[in-house]
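Undergrad: A structural model of the following input is requested.
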Amino acid sequence: MEMPEIHVEELKKDPEFLANIKRLEEECKAEESIAKGYQLLDAQLVIEASEDDINEIFTYIVNTAFDKLAEYLSTHKSFDVVNNIEERAIARAIYEHAIQRYSENDQKAAKEMFLVLYHTITHPSIKEAMMIHACIVMAGIVFDEFIDKMVDVENLDESDPLAFFIQTFTQPNDMILAMYSNYVKQGEEELKVLEADKES
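TA: Sure, this is the predicted structure:
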């Protein structure tokens, strides 16, 4: 099935489309919804909005996601990324920010965010993938090498609503985790702080 061609100039002048964007913007702020923030971001990208507008939405998404993450950590709630669209959007924003930090060589921040996602996501294969991400960062592998040599892009299912999480690697997950078992232990040690908070 061919996608209908999007006429950007027409959309920019379409009062209904622009009214929808405005409504989405208001709902997104009023409800503090990150899922709606992503819808708004997609709509702004379609009409090729200014870089400032795009950055403003992206900043809103990331800041709101971190506020929600802090709330979830303090109440020991987990992210159900399969059934809850809003929780999926929070996890996505944290993950995309972690990937950005990793690509900018901020290993410490990237590792911490991957570990926090490992701690808060309930989905088993994504949880496992987050530990792999954290181990790879701890092993000092640079972002480009990770993408070029360790990620299996061939088996990416773009129709999967969770496809924005890198979950497929060039080696089996258990082999990677066994190879980096010392970093797995290190990551689990670091997460004990959150577990201790849970118990207190």
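
Undergrad: which helices and strands does the longest helix belonging to the chain pack with?
TA: Ordering each helix of the chain by length in residues (DSSP state H) puts helix 51-75 first. In this structure, helix 51-75 packs against helix 34-46, helix 85-103, helix 107-120, with contacts taken as 3 or more Cβ pairs under 8 Å, 6 or more residues apart in numbering; DSSP states H and E. Using the backbone N, CA and C atoms, a C-beta is placed for each residue, glycine as well.

Undergrad: Compute the inter-axis angle for that helix and helix 107-120.
TA: If you take axes from the mean of the first three to the mean of the last three Cα atoms, to 10 degrees, helix 51-75 sits at 50 degrees to helix 107-120.

Undergrad: contacting residues for Leu40?
TA: Neighbour list for Leu40: 21, 24-25, 28, 57 [criterion: Cβ atoms under 8 Å, 6 or more residues apart in numbering].

Undergrad: Now, those residues that are in helices?
TA: Per DSSP H, the subset of those in helices is 21, 24-25, 28, 57.

Undergrad: can I get those residues in JSON lines with neighbour count, distance to Ser159 and pLDDT?
TA: Formatted as JSON lines, the ones in helices among the contacts of Leu40 follow (neighbours: other Cβ atoms under 10 Å; distance: Cβ to Cβ, whole Å; pLDDT from 0 to 100):
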{"residue": "Ile21", "neighbour count": "19", "distance to Ser159": "26", "pLDDT": "86"}
{"residue": "Leu24", "neighbour count": "19", "distance to Ser159": "24", "pLDDT": "90"}
{"residue": "Glu25", "neighbour count": "18", "distance to Ser159": "28", "pLDDT": "90"}
{"residue": "Cys28", "neighbour count": "22", "distance to Ser159": "25", "pLDDT": "92"}
{"residue": "Ile57", "neighbour count": "21", "distance to Ser159": "25", "pLDDT": "93"}
